[in-house]
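Peer 1: turn this into a structure:
(chains A, B, C, D, E and F)
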There are 4 protein chains.
Amino acid sequence: MKTENTIDRGRPRNADIDAAVMKSALKLLRKIGFRRLTLDAVAESVGVGKMAIYRRWPNKAAVVMDAFLTLIGPESQFPSAASAIISLKLQMRLQAKLFAGDYGKLIKALLGESQFDEELAEAFRNRWLIPRREMTLDVLKAAVDQGDLRADLDLDTVIDMLYGPFYYRLQLGIGTLDSSFSDQVWSAAITGFRASGS
Amino acid sequence: MKTENTIDRGRPRNADIDAAVMKSALKLLRKIGFRRLTLDAVAESVGVGKMAIYRRWPNKAAVVMDAFLTLIGPESQFPSAASAIISLKLQMRLQAKLFAGDYGKLIKALLGESQFDEELAEAFRNRWLIPRREMTLDVLKAAVDQGDLRADLDLDTVIDMLYGPFYYRLQLGIGTLDSSFSDQVWSAAITGFRASGS
Amino acid sequence: MKTENTIDRGRPRNADIDAAVMKSALKLLRKIGFRRLTLDAVAESVGVGKMAIYRRWPNKAAVVMDAFLTLIGPESQFPSAASAIISLKLQMRLQAKLFAGDYGKLIKALLGESQFDEELAEAFRNRWLIPRREMTLDVLKAAVDQGDLRADLDLDTVIDMLYGPFYYRLQLGIGTLDSSFSDQVWSAAITGFRASGS
Amino acid sequence: MKTENTIDRGRPRNADIDAAVMKSALKLLRKIGFRRLTLDAVAESVGVGKMAIYRRWPNKAAVVMDAFLTLIGPESQFPSAASAIISLKLQMRLQAKLFAGDYGKLIKALLGESQFDEELAEAFRNRWLIPRREMTLDVLKAAVDQGDLRADLDLDTVIDMLYGPFYYRLQLGIGTLDSSFSDQVWSAAITGFRASGS
DNA sequence: GGCTAAGCGAGACGGTACGTCTAGTCTTGGG
DNA sequence: CCCAAGACTAGACGTACCGTCTCGCTTAGCC
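Peer 2: Next up is the predicted model:
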């Protein structure tokens, strides 16, 4: 996707720096939070000039976002299960667990910062949100095929109802995020959207 | 609530300043957003010293939050209707409309900032969220009494499922916030939580 | 001359800071030189924010120039003597001594920096050079009246010939700056410019 | 001086680069001055890597100094004349003209920068100043031989008195640099240092 | 009517991070 | 070994804004 049509000239960027910066950023992020995290501190801890960072990312938020997405990329796949809705249920439990832990803090911070930075928001949407929605969409379609959900649903709205409550509790700081909660949301949704006549 | 046990001495505060500051803050907020809004700018535009502001509010976020709450306070009441669930449906439509407009931007900013400022988050919870949840709770209880919702529900979770999707779409910047969306969420929830046997 | 027609409003500047900054600047200047002197270091050593400095002076050079001029202001007066040319001779010895010491370093740096900063150059001219030239001019006029110098001289050029060699040796780093040198310059000039017919 | 005892191996340096770099450096120097001149800019304008420059000169100042000296090298020789002091007079006029023009600016900048950079100062002394002083010294000795100057003079000081005023006016930005000024300095000096009894 | 306490406009203050800039060095692939 | 390109470290720069403090002045209520 990132096709550079220019030939590679000059000293190539040191890929280790990318990784080291993101790692350090995540570490500091967990320790002191987004606001108090400074790129000066990151640069110093990595033993790198600030320019090496600003050459790669436009600002602090972008660094952290990239770090987060790189870290979390492979996780939160849908578990395989007997039926699509069971797979969904299990995945929602994982999400609850994820949100309740350290990742939750990261998401809080990044989503918060995204409210003020459209680029960041876009990165969050494109690299975190949409891929996960796509996966969910596939599962929901399977559930429709399997006769567990009605065929006339707006599946986007279904997704919003399934996952909205997670973000809500995470951001608003109200209620708990555990599998009990997750299961309630799931079962209510499944009941509400169940294939009629069942 | 704000019981001052000291006798009022000295020059009393000029109440006009409170209003003017909040008004100016809201105006700037809409124009340039929370981040780029400075209290210096507010103070100057009002023709007031910064101290006059900091005497009234502890920080920038508090000013904006107060402005927001003062502005929005009377709105978003539950409309009266034939049944509780219909009243709920109408209120959700109002909420969708609210979130889609200028208020949505304010909420975005304040909720975003709340991720980094616990005091702000608390103010948001106590002065915006909880009052509205209480109202919703009453309506839901009425709906239970009226036989439209099962009696064994965790109503807090019900609220999360009803309103979570709104915040989700607002914060994530995905999808639209209109009465069609609102109605879908409502009807799915009502179906999912309907009194059994109906 | 510095008549401010605006009424004094707001918190007045703390005059101690002016003095402390200049003092610290001079101290650091002597220790590490102009180039390696940073206003960050000055600010920190004084326990002052950088803004407090930038509010008073536009840049590093201005701080140092001001410090220098404040420090040196009262010095290098013409000593009284039997005749004008003797007073001149004594003053030139003082100047040689001045240039050979710490002040010489300051002047080197400031004059060097002035080559790149016209404002600075102007300050140097107006607050250091011209006052001293005026004094010298008076002495030279007296010497003319006393019959020790011809009356048809361009006294500005005389001054250049008297003091040019000092700056030359200071800036070029060639030769020594002592009273022997000073006396040679003086006697050659006096001989060259002596009233004719002697 | 720069005797390399290693056999020439590998690709030979491209001699065109030396000239092109110095030319570009001079051009930029005139346009934006020493301070704002960057070797990055020079390298780019010449279409050369920075290393090609740093392989040839140790730093920015050296490049510019070299450019200046290469440019100015052949000029400002002593014109031949009937007597040594007349030759001196003519040369001083040339110097005045030189200082008043573009070369003056270069010298201003280089001498200014020399106040902060000992290497540069040394280059300036060794490659500009001293050669010219040597030439002047020869002329002054001839003048002594020809009976126009006393034999007991410290000729170094004589040189300082002859040329100091030029640098003084150049650096301090006071007075004009023309042949009238030059002649005044010359005649005063000649008179002051004339062989006694003449 | 004078006293006292607090409010007020203005703006200085310490602190802190920002993102930019440049010097001089290093590292690619290729000649 | 040279070259073009450009990444790299180091570190100062000048700006911005926060929340606090201080000045001279004003405005109330209390004695």
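Peer 1: helix/strand/coil for the residue sitting nearest the centre point of chain A?
Peer 2: Nearest residue to the geometric centre of chain A (CA atoms, centre = their mean): A:W128, 4.1 Å. Three-state assignment for A:W128 (DSSP: H, G, I helix; E, B strand; the rest coil): helix.
Peer 1: so it sits against A:L71, correct?
Peer 2: No: look at A:W128 against A:L71 with CB atoms under 8 Å: they stay out of range, at 11.1 Å. Every residue, glycine included, has its C-beta placed from N, CA and C.
Peer 1: how close does the residue nearest to the centre of chain A sit to chain C?
Peer 2: Distance, A:W128 to chain C, using CB to the nearest CB, to the nearest Å: 39 Å.
Peer 1: check A:R9 too.
Peer 2: A:R9 sits 35 Å away from chain C, going by CB to the nearest CB.
Peer 1: tell me the secondary structure at A:R133.
Peer 2: Classification of A:R133 by three-state DSSP places it in helix.
Peer 1: now do the contacts for it.
Peer 2: Residues in contact with A:R133 (CB atoms under 8 Å, 6 or more residues apart in numbering or on different chains) are A:156, A:159, B:174.
Peer 1: ok, now with 7 Å
Peer 2: Contact analysis of A:R133 by CB atoms under 7 Å, 6 or more residues apart in numbering or on different chains lists A:I159.
Peer 1: likewise A:L129?
Peer 2: Residues near A:L129 by CB under 7 Å, 6+ apart: B:172, B:174.
Peer 1: who are the packing partners of the helix or strand encompassing A:G164?
Peer 2: Following DSSP states H and E, one finds A:G164 within helix A:155-172. Contacts defined by 3 or more CB pairs under 7 Å, 6 or more residues apart in numbering or on different chains; DSSP states H and E place helix A:155-172 against helix A:84-100, helix A:102-114, helix A:130-145, helix A:179-193, helix B:155-172, helix B:179-193.
Peer 1: any idea which of these is most buried?
Peer 2: Counting by mean count of other CB atoms under 10 Å in any protein chain shown, helix B:155-172 has the highest mean neighbour count of the helices and strands packed on helix A:155-172, with a mean of 23.
Peer 1: tilt between that one and helix B:102-114?
Peer 2: Using axes from the mean of the first three to the mean of the last three CA atoms, to 10 degrees, the direction of helix B:155-172 lies 100 degrees away from that of helix B:102-114.
Peer 1: same question for helix B:155-172, mean pLDDT?
Peer 2: For helix B:155-172, mean pLDDT rounds to 96.
Peer 1: do the helix or strand hosting A:D16 and DNA strand F come into contact?
Peer 2: Of the helices and strands defined by DSSP H and E, A:D16 is found in helix A:15-36. Yes: looking at helix A:15-36 against DNA strand F by CB under 7 Å from any atom of the strand, the contacts come from A:I17.
Peer 1: ok, and for that helix, which residues are buried?
Peer 2: A:17-18, A:20-26, A:28-29, A:34 (16 or more other CB atoms under 10 Å in any protein chain shown).
Peer 1: what's it packed up against?
Peer 2: helix A:39-46, helix A:60-72, helix A:102-114.
Peer 1: poorly predicted segments of chain A, please.
Peer 2: Along chain A, the parts satisfying pLDDT under 70 run over A:1-7, A:73-76, A:195-198.
Peer 1: near DNA strand F, which residues of it?
Peer 2: A:6, A:9-14, A:17, A:47-52, A:55-56.
Peer 1: and the two most separated of the residues you listed?
Peer 2: A:T6 and A:G47 (29.3 Å; CB to CB).
Peer 1: of these two, who's got more company?
Peer 2: For A:T6 versus A:G47, neighbours defined as other CB atoms under 10 Å in any protein chain shown are more numerous around A:G47 (10 against 5).
Peer 1: which residue does chain A have closest to chain C?
Peer 2: Nearest residue of chain A to chain C: A:D40, at 13.1 Å (CB to the nearest CB).
Peer 1: ok so, going back, turn the buried residues of helix A:15-36 into a markdown table, columns for distance to DNA strand E.
Peer 2: Shown next, in a markdown table, are the buried residues of helix A:15-36 (distance: CB to the nearest atom of the strand, whole Å):
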| residue | distance to DNA strand E |
| --- | --- |
| A:I17 | 12 |
| A:D18 | 14 |
| A:A20 | 15 |
| A:V21 | 13 |
| A:M22 | 15 |
| A:K23 | 17 |
| A:S24 | 13 |
| A:A25 | 11 |
| A:L26 | 15 |
| A:L28 | 11 |
| A:L29 | 12 |
| A:F34 | 9 |
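Peer 1: the residue nearest to A:L28 when sequence neighbours are not counted and A:P58, how far apart?
Peer 2: With sequence-adjacent residues excluded and distances taken as CB to CB, 6 or more residues apart in numbering or on different chains, A:L28 is closest to A:L37, at 4.9 Å. To A:P58, A:L37 is 16 Å away according to CB to CB, to the nearest Å.
Peer 1: the more surrounded of those two?
Peer 2: Legend: neighbour count by other CB under 10 Å for A:L37 and A:P58, higher for A:L37 (22 against 11).
Peer 1: mind listing what that one touches?
Peer 2: Residues in contact with A:L37 (CB under 7 Å, 6+ apart) are A:25, A:28-29, A:60.
Peer 1: closest to D:L140 out of the helices and strands packed on helix A:15-36?
Peer 2: Checking these against D:L140 by CB to CB gives helix A:39-46 as the closest, at 59.5 Å.
Peer 1: picking up where we left off before, look at the residue of chain A closest to chain C and say how many residues are nearby.
Peer 2: Neighbour tally, A:D40, other CB under 10 Å: 10.
Peer 1: dump the residue contacts of the closest residue in space to it that isn't next to it in sequence.
Peer 2: Leaving aside its sequence neighbours, A:D40 sits nearest to A:K50 (CB to CB, 6+ apart; 6.6 Å). For A:K50, the contacting residues are A:39-40, A:43, by CB under 7 Å, 6+ apart.
Peer 1: please identify which of these is nearest to chain B.
Peer 2: Minimum distance to chain B across the contacts of A:K50 is 16.9 Å, recorded for A:L39 (CB to the nearest CB).
Peer 1: quick one: that closest one and A:K60 touch, right?
Peer 2: Yes: counting by CB atoms under 7 Å, A:L39 does reach A:K60; the two are 5.5 Å apart.
Peer 1: phi, psi for the residue of chain A found nearest DNA strand F please.
Peer 2: Using CB to the nearest atom of the strand, the closest approach of chain A to DNA strand F is made by A:G10 at 2.0 Å. Backbone torsions for A:G10, taken as degrees, to the nearest 10, come to phi 70, psi 180.
Peer 1: so how far is B:L29 from A:L120?
Peer 2: 19 Å.
Peer 1: and what of A:D183?
Peer 2: A:D183 is 40 Å from B:L29, by CB to CB.
Peer 1: now A:L110
Peer 2: Taken as CB to CB, the span from A:L110 to B:L29 is 22 Å.
Peer 1: swap in A:P58?
Peer 2: For A:P58, the distance to B:L29 equals 25 Å [CB to CB].
Peer 1: just A:D16 next, same as before
Peer 2: 43 Å.
Peer 1: then A:S83?
Peer 2: In terms of CB to CB, A:S83 sits 48 Å off from B:L29.
Peer 1: repeat for A:G10
Peer 2: Separation of A:G10 from B:L29 (CB to CB): 45 Å.
Peer 1: next one: A:S87
Peer 2: Distance from A:S87 to B:L29, counting by CB to CB: 44 Å.
Peer 1: break chain A into its domains for me.
Peer 2: According to automatic domain parsing, chain A comprises the domains A:4-56, A:75-193.
Peer 1: which positions in chain A make contact with DNA strand E?
Peer 2: A:8-12, A:36-40, A:49-51, A:54, A:59-60.
Peer 1: from the residues you listed, which would you call buried?
Peer 2: A:37, A:39, A:60.
Peer 1: and these, which is closest to C:M135?
Peer 2: If you rank those by distance to C:M135 using CB to CB, A:L39 comes first, at 54.7 Å.
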